[in-house]
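*Asks:* Any chance you could fold what I've pasted below:
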Amino acid sequence: MPITNYTIEDISPLIQYSPAGAWSAGDKAQDPQASKYSDGTFTLSTAKGSSASLTFTGNRVWIFGAKRGNHGLYSVTLDKTNTNYDGFSATDAFTDLFDSGRCRKANTLLSLRTSRMIPRNNSWTLTMYVHQITWSTDSTTDSKKGIQLDDKASQFSYQPANAWKSDLPSDMSGFQGNSGHVTQNKDASAKLSFSGDTVALFGAVGPNLGPYAVKIDGKSAGSFNANKQNYAAQVALYHGNGLGSGDHILEIINQPTSSTQFLAIDFAEVAAVPSSSSVSSLSSTSSTSVSASASASSSSSAGHKPIRWVQVS
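*Replies:* Got it, this is the predicted structure:
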């Protein structure tokens with residue numbers, strides 16, 4: 001059976017960092033080797049007990065970051081099994097921090113946690129960098145035949161209609177085709193009707209974006225927060241795989257904590273949507289009347305943080 005890998009970057013709300021204020025966005029001003037990370041981004045913590053968590057459906061998972069001279073001990077919990085690791089390296093190593101090996105396929109919680117300070121070279125070290133998380137799953141879906149739905153596609157509906165605007169604020173750039181939908185109204189929702197087993201929804205994160213909830217087929221699929229230190233577009237707001245064949249509805253609901261926070265929707269990527277839909281193939285570089293040309297595995301505008309779907313066998 002084919003194996004498909006999914007990769008998300010550190011700034012995706014799918015990775016939940018806690019406690020609040022313990023993690024911050026890294027950049028080249030803080031780290032001259034930031035260019036070693038794709039897009040030059042990473043999220044870091046120096047606080048004991050801080051954690052980064054992801055719930056995923058798959059049978060193998062990797063956490064990527066760095067091991068360096070000022071990095072300390074950490075632990076990873078998967079399927080309630082906790083394993084301790086040492087993030088120290090005398091020479092900088094940009095590598096995986098964790099590789100689960102093959103594990104049971106389930107809706108699984110992965111959690112990385114900083115453990116404790118350790119003395120090295122007359123100083124105390126407790127630093128953790130998270131860059132990417134990749135998970136894999138056995139899949140009957142050909143990721144190369146996935147398709148893309150622009151925010152204006154007929155498969156999207158927005159309720160209430162007057163709560164959503166398609167004129168993007170001036171400080172929101174980088175959307176595919178310069179097209180998106182935004183709202184500041186609490187409980188305003190966007191629904192995507194699709195047919196297939198895998199779906200990913202993309203939008204914006206940043207200082208003016210806020211919390212939201214997601215439902216799949218009317219059932220809660222989690223609560224997330226798009227409020228980030230730095231702005232970025234085309235970020236994975238939600239991903240679901242192993243949903244089962246047939247028709248599904250994804251609903252994203254705005255849950256702001258202040259009246260100034262937005263929810264911003266850009267586009268979706270789905271597997272096995274009927275060919276009659278007005279969409280473009282993920283493997284194509286041409287655009288249609290409703291979707292832009294960038295693919296899930298390509299690089300496009302600055303700040304593009306896609307989920308990369310790669311079929312490896």
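
*Asks:* drop to CA atoms for contacts and neighbour counts, all remaining ones
*Replies:* Will do.

*Asks:* Helix or strand next in line after the helix or strand containing V130, which one?
*Replies:* In this structure, V130 sits in strand 128-138 according to DSSP states H and E. Tracing the chain C-terminally past strand 128-138 and defining elements by DSSP H and E, one meets strand 147-150 next.

*Asks:* Counting by contacts, list what that following strand packs against.
*Replies:* Strand 147-150 sits against strand 263-270, strand 280-281, with contacts defined as 3 or more C-alpha pairs under 8 Å, 6 or more residues apart in numbering; DSSP states H and E.

*Asks:* Select, out of these, the one closest to Q16.
*Replies:* Among the helices and strands packed on strand 147-150, strand 263-270 comes nearest to Q16, with 17.4 Å by C-alpha to C-alpha.

*Asks:* That closest one pairs with which strands, parallel or anti?
*Replies:* Sheet pairing of strand 263-270 (DSSP bridges) gives strand 147-150 (antiparallel), strand 181-183 (antiparallel), strand 199-205 (antiparallel).

*Asks:* I figured N225 hits P211, correct?
*Replies:* Yes: if you go by C-alpha atoms under 8 Å, N225 and P211 touch, sitting 3.9 Å apart.

*Asks:* Any idea what the residue nearest to S89 when sequence neighbours are not counted is bridged to?
*Replies:* Once flanking residues are discounted, S89 sits nearest to R68: 4.5 Å by C-alpha to C-alpha, 6 or more residues apart in numbering. When bridges are called by DSSP bridges, R68 pairs up with F88.

*Asks:* so where's the stretch 201-313 of the chain uncertain?
*Replies:* For the stretch 201-313 of the chain, the stretches with pLDDT under 70 are 272-313.

*Asks:* and what of the stretch 1-150 of the chain?
*Replies:* Within the stretch 1-150 of the chain, the ranges that satisfy pLDDT under 70 run 1, 104-107, 115-126, 139-145.

*Asks:* measure A213 to A226 for me?
*Replies:* A213 is 11 Å from A226, where distance means C-alpha to C-alpha, to the nearest Å.

*Asks:* So which of these two has more stuff around it?
*Replies:* A226 (28 against 18; other C-alpha atoms under 10 Å).

*Asks:* Tell me the buried residues in stretch 72-89?
*Replies:* By 16 or more other C-alpha atoms under 10 Å, the buried positions in stretch 72-89 come out as G72, L73, Y74, S75, V76, T77, L78, G87, F88.

*Asks:* would you list those in TSV and tack on distance to P19?
*Replies:* What follows is the buried residues of stretch 72-89, written out as TSV (distance: C-alpha to C-alpha, whole Å):
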residue	distance to P19
G72	18
L73	18
Y74	16
S75	16
V76	16
T77	17
L78	19
G87	20
F88	23
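
*Asks:* When N225 and P211 are compared, which one has more neighbours?
*Replies:* N225 (23 against 19).

*Asks:* how near is that one to F262?
*Replies:* 11 Å.

*Asks:* so what sits against both of the two?
*Replies:* L209, G210 (C-alpha atoms under 8 Å, 6 or more residues apart in numbering).

*Asks:* Any idea how far stretch 157-176 is from the middle of the chain?
*Replies:* 20 Å (C-alpha atoms, centre = their mean, to the nearest Å).

*Asks:* OK, contacts around the nearest residue to T91 once chain neighbours are set aside?
*Replies:* Spatially, and ignoring its direct neighbours in sequence, T91 is nearest to R68 (6.3 Å; C-alpha to C-alpha, 6+ apart). R68 makes contact with G87, F88, S89, A90, T91, D92, A93, according to C-alpha under 8 Å, 6+ apart.
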